[in-house]
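Student: I'll drop the sequence and a predicted model, then ask my questions.
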4 protein chains.
Amino acid sequence: MMNFRTDLALERRDLYRKANHIAEEVDGIQTQEESFGEDIQITRVKILNENGEQAIGKKKGNYITVDIKNLKIAGEDEIQKASEAVTKELKVLIGQLISDQEDILVVGLGNLYVTPDSLGPKVIQDIDITRHLLNYMPEVLKEGTRPVSAVSPGVLGTTGIETLEILKGIVDNTHPKLLIVIDALASRSIERISSTVQIADTGIVPGAGVGNKRKELTIETLGIPVIAIGVPTVVEAATIAADSLDLFIQKLQEEAHSNDFLNHLQEEDKYQMIKDVLQPAEYNFIVTPKEIDDLIENMSSVVARGINFATQK
Amino acid sequence: MMNFRTDLALERRDLYRKANHIAEEVDGIQTQEESFGEDIQITRVKILNENGEQAIGKKKGNYITVDIKNLKIAGEDEIQKASEAVTKELKVLIGQLISDQEDILVVGLGNLYVTPDSLGPKVIQDIDITRHLLNYMPEVLKEGTRPVSAVSPGVLGTTGIETLEILKGIVDNTHPKLLIVIDALASRSIERISSTVQIADTGIVPGAGVGNKRKELTIETLGIPVIAIGVPTVVEAATIAADSLDLFIQKLQEEAHSNDFLNHLQEEDKYQMIKDVLQPAEYNFIVTPKEIDDLIENMSSVVARGINFATQK
Amino acid sequence: MMNFRTDLALERRDLYRKANHIAEEVDGIQTQEESFGEDIQITRVKILNENGEQAIGKKKGNYITVDIKNLKIAGEDEIQKASEAVTKELKVLIGQLISDQEDILVVGLGNLYVTPDSLGPKVIQDIDITRHLLNYMPEVLKEGTRPVSAVSPGVLGTTGIETLEILKGIVDNTHPKLLIVIDALASRSIERISSTVQIADTGIVPGAGVGNKRKELTIETLGIPVIAIGVPTVVEAATIAADSLDLFIQKLQEEAHSNDFLNHLQEEDKYQMIKDVLQPAEYNFIVTPKEIDDLIENMSSVVARGINFATQK
Amino acid sequence: MMNFRTDLALERRDLYRKANHIAEEVDGIQTQEESFGEDIQITRVKILNENGEQAIGKKKGNYITVDIKNLKIAGEDEIQKASEAVTKELKVLIGQLISDQEDILVVGLGNLYVTPDSLGPKVIQDIDITRHLLNYMPEVLKEGTRPVSAVSPGVLGTTGIETLEILKGIVDNTHPKLLIVIDALASRSIERISSTVQIADTGIVPGAGVGNKRKELTIETLGIPVIAIGVPTVVEAATIAADSLDLFIQKLQEEAHSNDFLNHLQEEDKYQMIKDVLQPAEYNFIVTPKEIDDLIENMSSVVARGINFATQK
């Protein structure tokens, strides 16, 4: 199977079509598009059968992408409108899986202390929790309020426990009827970083569909349906570099340049060409190690102590 | 002049030599190396004259690079050892500029709320401040303590004021004899991110030496000597891509491949080749927009509201 | 002069009247009240002459208090309405001091890292800065935009420099025509913590008007008018205790109890009585040292290391 | 039973003795003291039988208090020494409950976003996790390493789930043999805030031993032994006030003052007397609502918007 280097079904479909020179829709995949106001684009990818699954390495089911333009500079109004688009899509999926008053557990995956991995735990802080109120003081809630609870289970590296083990335990003890899991994704497109939401009713299958049962968060492993809400927060540096290379090679091929040409290509020309390629709108891209926060803490200590001891005798 | 895409004198010297096929030292530049324990390497680059200045676009003076290995996983001991190397080099530079009890102002440039730009303000939090104690309760300090003060002036985008304007005002009112300015730098090497300190006695000249007087923090603009302590915290995505391309072209040239070869080069091969190139030791690189923190805040609101309205009728 | 233990002119007036059994307005002080919607109460205290100054230890001028109910649980709408009340009052004061397009510098006093002292620096993050845009790209702004800049100068304990020295330098170099200074205040009333804004056109005079020229931020020390926006964020524990004691004594006096009564007063009765006194609405009060954040960092290290070494051989 | 207003067994014993005029040890309680260097005091309270349980409202078992002086201003060395004292006591308790290589789960109770309640989650960040390494790459660990995992389950108000429900699920799925639970406590003494550790082998019983089975984290509810590590982070304002009152009444009684005296007691005298009582060493006490962080966020918005709209036409 292809290494897509993206978790978005939408991008995978596009890459598969391009790689296989397919002009129309891939067999086993259906796509539908809709605009929602000026700044919001919704794409609904449906994987219908095993052929679709094989093609893009994603389980049979619905993958809805909400692309939001200019979220970076969004005010209250745009945030509200974007959230309404998410609400609308999510409501349809929830309605197909459980009834109106059945219990939902919202799960924020990721590590609060690593910025690009912190979306899940941050969302959890803002979820309206009702389960405990329904238990202890139902009178403060409107009739028919659904029980909603929420947890941030942490990541294997900081807990020592597989997320599935933690969630299985909580699900067995609190009996929700549906899980909504929020996670950070990798995308292949810099423009989509933290500007796109993918909502899928297939749960979370790490390792590009390779069926690693140990880590799947799905109805098969948890016993209840799982809706996954994913937001791209990173693009691999290697992806950027490889995509730049592709564009470069393409140019060489088109212009049928000789190796002689390569020998005389100027450093500055190449840099500028790549800079043009990487400059989508107004973003300012940088490459950082994921551990940047720890690195900066340690380096702050080094420099501060260095100064402290140097400034006194 | 070359676009070096790095603020480190050391890297610029190396790039200049390579681009100009200079086997020995560049005329007008002297370099000296020293190891400090197993994990610390010190390189002292001295720019002697205008020729050296022209070559690498840096002012005449001393540029000392302290490279620290494995700072990411450093414990107390390694941090202490690295800070001692910084102390030693800094003490020599300070001693050449002012006497033992003269007043120093430490300045942390950068934006606390943008992770890769937060080093300066973070260092300031840990500086041992003595100036106010010497004024109000000198009896709590040891005889001969030097007055040290510290400020984080913020960045133009959040204050509306040039850093030079703020610092000029403070210097004129508090009369320090030396400034030590901490700043985040761009490097060309991923391994150096937050693992290298450059100490320079030439102050800070933004725009690669292009002499933009409006923004320089130097003895010329401030009236007192300025030591700059810089730490690389970012590499441009375009730099990574361009450097990958160079390696790729070099390979093509060496192997004298035809364009036919390019036509048959597999996606997967290119990706793997680049991945190998970009994989220095154990770092895990990602490409993020500088505004990642804001983006994630906004996206958290979108998703949380989306869930909140979807889970209730 | 009385020790009022509050920085609010409004509370001082009330305490002075009570202590001196004045039924009407204090000579030299004028007060005017206004409601703004259901949740907002505005009180304008004007100190007219030296007699008023002496009475409550505040300089001649205007002190406007905006009390906001239930800010703790406020949504977007309430925050907007409260900010509109502040805008209205502030606009009047600004209009009396400078003309429409004159330059304003907003200053956030306090320490970002000490929660109850962090309001000033937090406000600065959200101020719309225009001064640099007017200098470098005026075309992006509407005609007639006023130049606004903003700084957080830090506190003496972390900079080693008096705030006045820093601000004097910046004012001399950037020439604003008005300063708006945001600061955390002490109040005597728990209900006012972070729920009240005092706007004064007299600047900031620390030490209850004791005229410590070294630290005043006023037209006298800075050469331009200073509007102070203060928000109560702390009540001293001693204030709470002393006020409880007052209520207790009052009760004893009213009921003309003997010392014999004191001997038999039960622990539980006293505690309950005080609890009732201290329970305003739904707040949950605690007493903490200001250094709580540092303390918790250090204690986290102690406990984590304790566990780490205890769990391994 | 008395309302002790403290979770520390040590303070309860002292209060019980004082209230009941017991000069010696309470029947059913044993106490042993030890110093550990100059700054560390260890007190081991053992509750032997039901009489001891009744007296101070704590379960039969061991309660070890480690008091650390001056932790606020502690450097690396003091933190290390304090953690060694905790290690020593904890190791003895662990050794009495499980064998050397049996699995431990460390649990950090509390809410990361409320400063005085954040100790538990903060400790979890620094725990050395080994369980996943033992599962996936045991070769990186020393022979005989004990499996340690760690979770921060959140609080009822933010998850909607009882802590016991979450932990029961995780324990059932991951089979640890011992729980170490970290929690914030209330103390009656300001000096103990974040400067004292209580280690107990009895688990956590909220509600002062009132046997609320729904919330207990004990061997009875979880099926495995539970060591509780508690750190006082708050003192109730009412406690401070009530204790001040006690001291005041005591003084009145000793001096046999009449009510006439009360009538002439000056405001300033009372305030000073209380200030003296509350001034332990160098702490700077304040009273804040627990919601202080939310309050300050909201108020920052109010003031910033107020300024933004007031400074522009």
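Tutor: Done, it's in.
Student: could you pull out the strands for the stretch 101-250 of chain A?
Tutor: A:104-108, A:148-151, A:178-186, A:196-200, A:226-236 (DSSP state E, counting those that start in this stretch).
Student: state the mean pLDDT of the first one.
Tutor: So the one you mean is strand A:104-108. Average pLDDT, strand A:104-108: 95.
Student: in its sheet, what does it sit against?
Tutor: Strand A:104-108 sits in its sheet next to strand A:148-151 (parallel), strand A:178-186 (parallel), going by DSSP bridges.
Student: over to the last one?
Tutor: Strand A:226-236 has its sheet partners listed here by DSSP bridges as strand A:178-186 (parallel), strand A:196-200 (antiparallel), strand B:285-289 (antiparallel).
Student: roughly how far is it from the heart of the chain?
Tutor: 1 Å (CA atoms, centre = their mean, to the nearest Å).
Student: also the first one?
Tutor: Relative to the chain's own centre, strand A:104-108 is displaced by 16 Å; criterion: CA atoms, centre = their mean.
Student: if we can go back for a sec, quick check: which of the strands of the stretch 101-250 of chain A is buried the most?
Tutor: When the strands of the stretch 101-250 of chain A are scored by mean count of other CB atoms under 10 Å in any protein chain shown, the highest mean neighbour count falls to strand A:104-108 (a mean of 28). Quick note: C-beta positions are derived from backbone N, CA and C, even for glycine.
Student: which other residues reach that strand?
Tutor: A:94, A:98, A:119-124, A:127, A:146-153, A:167, A:170-171, A:174, A:176-182, A:217, B:307, B:311 (CB atoms under 8 Å, 6 or more residues apart in numbering or on different chains).
Student: show the buried residues in these.
Tutor: Neighbour-count burial (16 or more other CB atoms under 10 Å in any protein chain shown) is assigned, among the contacts of strand A:104-108, to A:94, A:98, A:119-124, A:127, A:146-153, A:167, A:170-171, A:174, A:176-182, A:217, B:307, B:311.
Student: quick check: angle from whichever helix in chain A runs longest to helix C:76-97?
Tutor: When chain A is parsed with DSSP state H, its longest helix is helix A:76-97. Interaxial angle of helix A:76-97 relative to helix C:76-97 (axes from the mean of the first three to the mean of the last three CA atoms, to 10 degrees): 180 degrees.
Student: nearest spatial neighbour of A:Gln41, chain-adjacent residues omitted?
Tutor: Spatial nearest neighbour of A:Gln41, excluding adjacent residues (CB to CB, 6 or more residues apart in numbering or on different chains): A:Asp67 at 4.4 Å.
Student: revised request: answer the last question for A:Glu25.
Tutor: Nearest to A:Glu25 is A:Thr31, by CB to CB, 6+ apart, at 6.3 Å.
Student: list the contacts for that neighbour?
Tutor: A:Arg13, A:Glu25, A:Thr43, A:Arg44, A:Val45, A:Lys46.
Student: tell me how many other residues crowd whichever residue of chain A sits closest to chain C.
Tutor: Closest contact between chain A and chain C, by CB to the nearest CB, is at A:Glu76 (6.4 Å). By other CB atoms under 10 Å in any protein chain shown, 10 other residues sit near A:Glu76.
Student: how far away is it from chain D?
Tutor: Going from A:Glu76 to chain D by CB to the nearest CB, to the nearest Å gives 11 Å.
Student: you'd agree that residue is up against C:Glu76?
Tutor: Yes. The pair A:Glu76 / C:Glu76 is scored as a contact, 6.4 Å apart, by CB atoms under 8 Å.
Student: now the stretch 51-200 of chain A against chain D: closest residue?
Tutor: A:Gly169 (2.7 Å).
Student: nearest residue to that residue other than its sequence neighbours?
Tutor: In this structure, A:Gly169 finds its nearest non-sequential neighbour in D:Gly169, 2.7 Å apart by CB to CB, 6+ apart.
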